[in-house]
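Chemist: What shape does this take:
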Amino acid sequence: MNSTEFAKQSENQNIFRQTLWVWFLTMVATRLLFELQRVRFFKENLALFTALLLIYVPLGVLWYRKEKLPFFDPSLNQFARSLGWFLLTALLVFPVIEFGNRYFLEIFFHQHYIGGHWRGISRVAFFHLFLIALPEEFFYRGFIQSQLNRVWGRPWKFLGAPIGKGLLITAFLFALSHSMIMLRWWHFSIFFPALVFGWLRERTNSITASALFQALCNVYSYWIVINYR
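Modeler: Residues are numbered from 1 along each chain as shown. Sure thing, here's the model as predicted:
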């Protein structure tokens, strides 16, 4: 190994370690916010404080490194392209999810579709897009996945998108982070939609489509709760 290769390997190792530390410390801070819910002020503003944490931590790191934000649409044409990929993915994925979900809930939870309930959908959509999906995609697919791509690159192709180990590890960290905040048996399943979020980020070079898709997933989960008994 020559000096150039050694220097590159050392730099990649530093990026990997720093990225994991940023993720871990941010999760610790998020957990502390969760514990502070005993105080009414923190309970009422938990989502806002968490969103600010997920945005300002990577912003601070990138500012310190004097790096740009490489995960936003640079033009209206690019935004329209991201929107198109979001719509296409949603049209392909959600009919399959809804079909499977009906059988899953009936077989395992004996719940049946009753339909007709849309109460609070617009409020939930606004909340999840701006306080949940956008901050999480900013942190995970924007910052974490971009940094890990610097370490391992994107040597593979999947459905037209260049991908690498960074996508898989980011999806794993995303699922794990939910259990670090509040443990639930089904959190392992978050890994699978996170793969779609990561793929959309790579396919569009932006977090627009992944943020919209995650928000839609969250709104769909709410819709299930009010439409199945």
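Chemist: Does the spatially most central residue of the chain lie in a helix or a strand, and which?
Modeler: The residue lying closest to the centre of the chain (CA atoms, centre = their mean) is E137, at 4.2 Å. Assigned by DSSP states H and E, E137 falls within helix 134-137.
Chemist: on that earlier part again, list the contacts for the residue nearest to the centre of the chain?
Modeler: E137 is in contact with F197, R201, I207, S210, A211, Q214, counting by CB atoms under 8 Å, 6 or more residues apart in numbering. Backbone N, C-alpha and C define where each C-beta goes, glycine included.
Chemist: check which helix or strand covers the second one.
Modeler: Read it as R201. Going by DSSP H and E, R201 is part of helix 191-204.
Chemist: Which strands and helices lie in contact with that helix?
Modeler: Contacts defined by 3 or more CB pairs under 8 Å, 6 or more residues apart in numbering; DSSP states H and E place helix 191-204 against helix 76-109, strand 161-163, helix 165-181, helix 208-227.
Chemist: how far off helix 76-109 does it point, in degrees?
Modeler: Relative orientation of helix 191-204 and helix 76-109, computed by axes from the mean of the first three to the mean of the last three CA atoms, to 10 degrees: 170 degrees.
Chemist: In TSV: the helices and strands packed on helix 191-204, plus distance to L52.
Modeler: What follows is these, written out as TSV (distance: least, CB to CB, whole Å):
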stretch	distance to L52
helix 76-109	24
strand 161-163	30
helix 165-181	16
helix 208-227	16
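Chemist: Turn these into TSV, columns for mean pLDDT, mean neighbour count and distance to R65.
Modeler: What follows is those, written out as TSV (pLDDT from 0 to 100; neighbours: other CB atoms under 10 Å; distance: least, CB to CB, whole Å):
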stretch	mean pLDDT	mean neighbour count	distance to R65
helix 76-109	90	13	24
strand 161-163	96	18	23
helix 165-181	95	19	17
helix 208-227	94	20	23
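Chemist: Out of the ones you listed, flag the one nearest Q18.
Modeler: Nearest of those to Q18, taken as CB to CB: helix 165-181 at 14.1 Å.
Chemist: Report the buried residues of stretch 12-23.
Modeler: Across stretch 12-23, burial judged by 16 or more other CB atoms under 10 Å covers I15, F16, T19, V22, W23.
Chemist: For the fourth one, identify the helix or strand it belongs to.
Modeler: When elements are assigned from DSSP H and E, V22 belongs to helix 3-35.
Chemist: Measure how that helix sits relative to helix 165-181, angle-wise.
Modeler: With the same axes, to 10 degrees applied, the angle from helix 3-35 to helix 165-181 works out at 20 degrees.
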